[in-house]
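Enquirer: sequence plus the predicted model coming up.
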Amino acid sequence: MNELAATLAKLDELAGSVAAAVVSNHALRLADEDELVAVLSAASRVQRLIDAVTVEAIGEIVERNETPMGEVRMTYRLGCHSMSELVQRATLLSPVTAGRYLKAAKAVHQDTSLVSGELLEPTLPALRAALGDGVVGLDGALAVAAPLITLGSRVSRDALLVADAVLAAEARGEGPDAAPPACADLLRVQAQVWAVALDPDGSEPRESTSMRKRGLTFGVATDVGVPVRGMLMPEVAAQFRRIADATLHPRVDPAGLPGGVRFVEEAPTPSSGTDNGDLESLTVVDTRTRAQKMHDVLAMVLGVAAASESLPTIGGAAPTLVVTAREEDLLAGRGSAYLDGMDYPVSLTAASHAGCAGVIQRVVLSETGRIQSISTEDRVFNRHQRRAIAARDGGCLIPGCGVPPAWCEIHHVTEYSEGGPTDTDNGGLLCWPHHRFFDHCGWRIRMNRGVPELLAPAWIDPLQRWRPATTSPTRLLNAVLQT
């Protein structure tokens, strides 16, 4: 161990000299673009390797701290009240970052058997190997581990190991589609898809928990406003975010409402032919708490506001909650649906409610992902086309960009001025910066039978292969289930 500490001391000294050259002596100012990218890439790899050492050290400390009864814990001996405090003091990290390292260590650390003294298999062995090789760092490890660890005993060990191996291969650039190494955000999306594929009914328990914990409470009014606290169900929060996006988007419709949202209250109309006696006979006991009632009132108001024509538009249309699901799942009555703007899937119950209360638009995709049901000759893509393209592309087509569909523009792959039609087979989502500077950023795009494909710059993909591009969770789930 003294040798290991001495090696790290030399690494510390070497890193210090590099940092001094870069920060104090401005060594990067004379570097060209290729050299700058190479330095950034190399520094990031070193950081990922350091993350591996940090995670392993924290895992070892956690294991030693969990001593049998009667022995003094390591945290107590070192004067710390918790493992988080120990990590914070040793690393000078924030509590949030220390907690992230602890979660990563739980997923990849190899514990020792108290009976035989042998090393046990970690929860995610392939992810551990990728972390040790510097393929993923802390962000990548948590992106994979967080969705898979929550599966618990609901899936078999063999199934979990398959997902672990495939996601680690994607991180290395050795996945089934031979795509370049995936960044942490893409790994997170793929890991969540794997979690849904392995546990298609997993969103149902979350549905019950969400219903029980829903609530909205207004605090005591102050001179600056009224505080609010509570818990919104996923579809309610997603609907509110759509309205907020429409209201706060920098390109709001000038004909829309200035200053915010206007709510219109209408008196209920009694049913014809119903007298007071009938009303009394239909009275039922409402078992909802006041907080749950407040939540449900907000859900109703948001639905009415979104369906009105008084709100500013977003993407050329009223703010509309988009729910996507696979037809096979809807017919079978099991699986999950996805809400635009929400990371986690919801139950088909939530999807059915949204469809019942709103408008259902059926978008038929072929096995390759082509949209088969909508076409138009308009110069500007209409709202129906936008929603269909959003369901297919999932957001900005550039991998790792992460800009959601609502903030994207639709790019004519074959320019309109060159005869390119305004239909779904010729449109793809790009965020404003990637759209504005697409001709200068090194990416190329084409449509292959209605499916957008990208060619990355050579420094990202040396193989220079055209690859389908999407972050749509529905399409990714389909791809996983077909492997």
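Expert: Received the coordinates, thanks. Numbers count the residues shown, from 1 in each chain.

Enquirer: what segments of the stretch 51-200 of the chain are helices?
Expert: With DSSP state H, counting those that start in this stretch as the criterion, the stretch 51-200 of the chain has helices at 74-77, 83-91, 95-108, 125-132, 138-149, 157-172, 184-198.

Enquirer: turn the ones you listed into TSV, including distance to P227 and mean pLDDT.
Expert: (C-beta placed from N, C-alpha, C; glycine too.) What follows is the helices of the stretch 51-200 of the chain, written out as TSV (distance: least, CB to CB, whole Å; pLDDT from 0 to 100):
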stretch	distance to P227	mean pLDDT
helix 74-77	36	86
helix 83-91	28	93
helix 95-108	23	95
helix 125-132	41	97
helix 138-149	30	95
helix 157-172	41	95
helix 184-198	32	92
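
Enquirer: distance to V39 added to the ones you listed, as JSON lines?
Expert: Below are the helices of the stretch 51-200 of the chain laid out as JSON lines (distance: least, CB to CB, whole Å):
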{"stretch": "helix 74-77", "distance to V39": "39"}
{"stretch": "helix 83-91", "distance to V39": "25"}
{"stretch": "helix 95-108", "distance to V39": "24"}
{"stretch": "helix 125-132", "distance to V39": "23"}
{"stretch": "helix 138-149", "distance to V39": "20"}
{"stretch": "helix 157-172", "distance to V39": "22"}
{"stretch": "helix 184-198", "distance to V39": "20"}
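
Enquirer: looking at these, which is closest to D12?
Expert: helix 83-91 (13.7 Å; CB to CB).

Enquirer: report all helices and strands that that closest one contacts.
Expert: Applying 3 or more CB pairs under 8 Å, 6 or more residues apart in numbering; DSSP states H and E, one finds that helix 83-91 contacts helix 33-65, helix 74-77, helix 95-108.

Enquirer: with distance to S84 and mean neighbour count added, can I get the ones you listed in JSON lines?
Expert: JSON lines is the format used below for the helices and strands packed on helix 83-91 (distance: least, CB to CB, whole Å; neighbours: other CB atoms under 10 Å):
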{"stretch": "helix 33-65", "distance to S84": "10", "mean neighbour count": "15"}
{"stretch": "helix 74-77", "distance to S84": "9", "mean neighbour count": "14"}
{"stretch": "helix 95-108", "distance to S84": "5", "mean neighbour count": "19"}
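
Enquirer: skipping its backbone neighbours, what lies nearest T414 in space?
Expert: Nearest non-adjacent residue to T414, counting by CB to CB, 6 or more residues apart in numbering: G420, 3.2 Å away.

Enquirer: and the helices and strands packed on helix 83-91: which comes nearest V403?
Expert: V403 lies closest to helix 33-65 among those, at 21.9 Å (CB to CB).

Enquirer: report the angle between that closest one and helix 138-149.
Expert: For helix 33-65 against helix 138-149, the angle by axes from the mean of the first three to the mean of the last three CA atoms, to 10 degrees is 50 degrees.

Enquirer: chain center to helix 33-65, what's the gap?
Expert: The chain centroid and the centroid of helix 33-65 are separated by 23 Å under CA atoms, centre = their mean, to the nearest Å.

Enquirer: likewise for stretch 445-464?
Expert: 23 Å.

Enquirer: if we go by neighbour counts, what in it is buried?
Expert: Neighbour counts over stretch 445-464 (16 or more other CB atoms under 10 Å) mark 445, 447, 450-456, 461 as buried.

Enquirer: out of these, show me where the pLDDT dips lowest.
Expert: Lowest pLDDT among these: D461, with 83.

Enquirer: excluding chain neighbours, what is closest to that one?
Expert: Sequence neighbours aside, P180 is the residue nearest to D461 in space, at 4.8 Å (criterion: CB to CB, 6+ apart).

Enquirer: count of neighbours near that neighbour?
Expert: Counted with other CB atoms under 10 Å, residues neighbouring P180 total 17.
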